[in-house]
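In: got a predicted structure plus its sequence, pasted below:
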Amino acid sequence: MIKPLRKAVFPVAGLGTRFLPATKAMAKEMLPVVDKPLIQYAVDEARAAGIEQFCMVTGRGKTAIVEHFDIAYELEATLRARSKNTELAALRELQMPPGSISTVRQQEPLGLGHAIWCARAFIGDDPFAILLPDDLVMSDTPCTKQLADVYHETGGCVVAVCEVPREQTNRYGILQIGSDDGRLVEVTGMVEKPKPEDAPSNLSIIGRYVLTSGVIDHLARMERGAGNEVQLTDAMAKMIGQVPFHGLRYEGRRFDCGDKIGFLEAQVAFALKRPEMSAKVAEFLKQYV
């Protein structure tokens, strides 16, 4: 029997050094794309996939992330008094059911795998999604919903994948694949950040995963991999053969918002998608290109 997917983990403990000085006193996950912070896009995507419980793996200076989803009584009262109903409605959309958000602290930056292990009590014996807010996906069907649909079809684990230039394989977790129908691929192996000449394919994992709880047992060994960190990719590789494991060529466009150029591109793309501002944005862009 396939367990329902109701939990999601958001690793948000990173320092955001590529965006200094903007992130000196501000969590990078709170950087806005148009008028929503990255973490809100990720949470909204998870909610659209039926996720009901959310765990933020945080670090020092990250309290604003959780506060963003809390009720701001004074602000709401001010907006109500000024009849700012549109703004008030936007705030109310953020509200989460009581008890639905948990936080755990990753005290040391020991890698993505370590961050997920920190959420082990939250995960328990349940399947769970992982969303990296740096990866922002524009799609008709939310990316995590696409993964959830595959999970409910196949069970086991499923990761979102896309093709990358061969010379860039040393930046990503790369799949070794078996059967491939053009949409769903059978995962037979994976390696973290291989050299281009050693890469088994050019199919890269992006920051969207649905995993079973067995991965925690492998992470608990605290084995170090690339960058001397506890790599999630290494733990997932040990799951292959134990449970069904697939990669999904998701529908949509991914923006790497951990990179300045990707972040700026996301601003433009998401602004152009907004009916109330697309024409004005397109017009002013003509001045610069």
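Out: Here it is on my side, so go on.

In: skipping its backbone neighbours, what lies nearest residue 243 in space?
Out: residue 156 (3.8 Å; C-beta to C-beta, 6 or more residues apart in numbering). To be clear about C-beta, it is placed using only N, CA and C from the backbone, and glycine gets the same treatment.

In: for the one you found, give me its contacts.
Out: 212, 243-246 (C-beta atoms under 8 Å, 6 or more residues apart in numbering).

In: what segments of the chain are strands?
Out: Using DSSP state E, the strands found in the chain span residues 7-11, 32-33, 36-37, 53-58, 101-105, 128-131, 135-138, 157-163, 173-180, 184-192, 203-211, 245-249, 253-256.

In: closest one to residue 226 among those?
Out: strand 184-192 (4.5 Å; C-beta to C-beta).

In: circling back: among the contacts of residue 156, which pair sits farthest apart?
Out: The farthest-apart pair in these, when distances are taken by C-beta to C-beta, is 212 and 246, at 12.5 Å.

In: quick check: neighbours shared by those two?
Out: 156-157.

In: and for the closest residue to residue 184 other than its chain neighbours, the neighbour number?
Out: Using C-beta to C-beta, 6+ apart and skipping residues adjacent in sequence, the residue nearest residue 184 is residue 246, 5.4 Å away. For residue 246, the neighbour count with other C-beta atoms under 10 Å is 24.

In: follow-up on the earlier one: from residue 216, how far out is the residue nearest to residue 243?
Out: Counting by C-beta to C-beta, to the nearest Å, the gap from residue 156 to residue 216 is 15 Å.

In: next: residue 148.
Out: Distance from residue 148 to residue 216, by C-beta to C-beta: 20 Å.

In: torsion angles phi and psi at the residue nearest to residue 243?
Out: As for residue 156, its main-chain torsions (degrees, to the nearest 10) stand at phi 70, psi -140.

In: per-residue confidence for it?
Out: Residue 156 is assigned 90 on the pLDDT scale.

In: likewise for residue 163?
Out: So residue 163 comes in at 88 (pLDDT).

In: that one and residue 172: what is the separation?
Out: 11 Å.

In: what about the two, which has more around it?
Out: Neighbours per residue (other C-beta under 10 Å) separate residue 163 from residue 172, with residue 172 holding more: 21 against 10.

In: residues contacting the more buried one?
Out: 164, 193, 204-205.

In: give me that answer again for 6 Å
Out: residue 204 (C-beta atoms under 6 Å, 6 or more residues apart in numbering).

In: and if you look at residue 256?
Out: Here residue 256 is in contact with residue 262 (C-beta under 6 Å, 6+ apart).

In: where does pLDDT dip in the stretch 51-200 of the chain?
Out: Within the stretch 51-200 of the chain, no stretch has pLDDT under 70.

In: which parts of it are helices?
Out: Ranges of helices within the stretch 51-200 of the chain are 63-67, 73-81, 85-94, 112-118, 120-123, 143-154, based on DSSP state H, counting those that start in this stretch.

In: before we move on, the earlier item: CSV for the strands of the chain, including distance to residue 79?
Out: Listed next are those as CSV, based on distance: least, C-beta to C-beta, whole Å:
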stretch, distance to residue 79
strand 7-11, 27
strand 32-33, 19
strand 36-37, 17
strand 53-58, 25
strand 101-105, 23
strand 128-131, 29
strand 135-138, 27
strand 157-163, 37
strand 173-180, 44
strand 184-192, 46
strand 203-211, 34
strand 245-249, 41
strand 253-256, 31
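
In: for those strands, which one sits closest to residue 237?
Out: strand 184-192 (4.9 Å).
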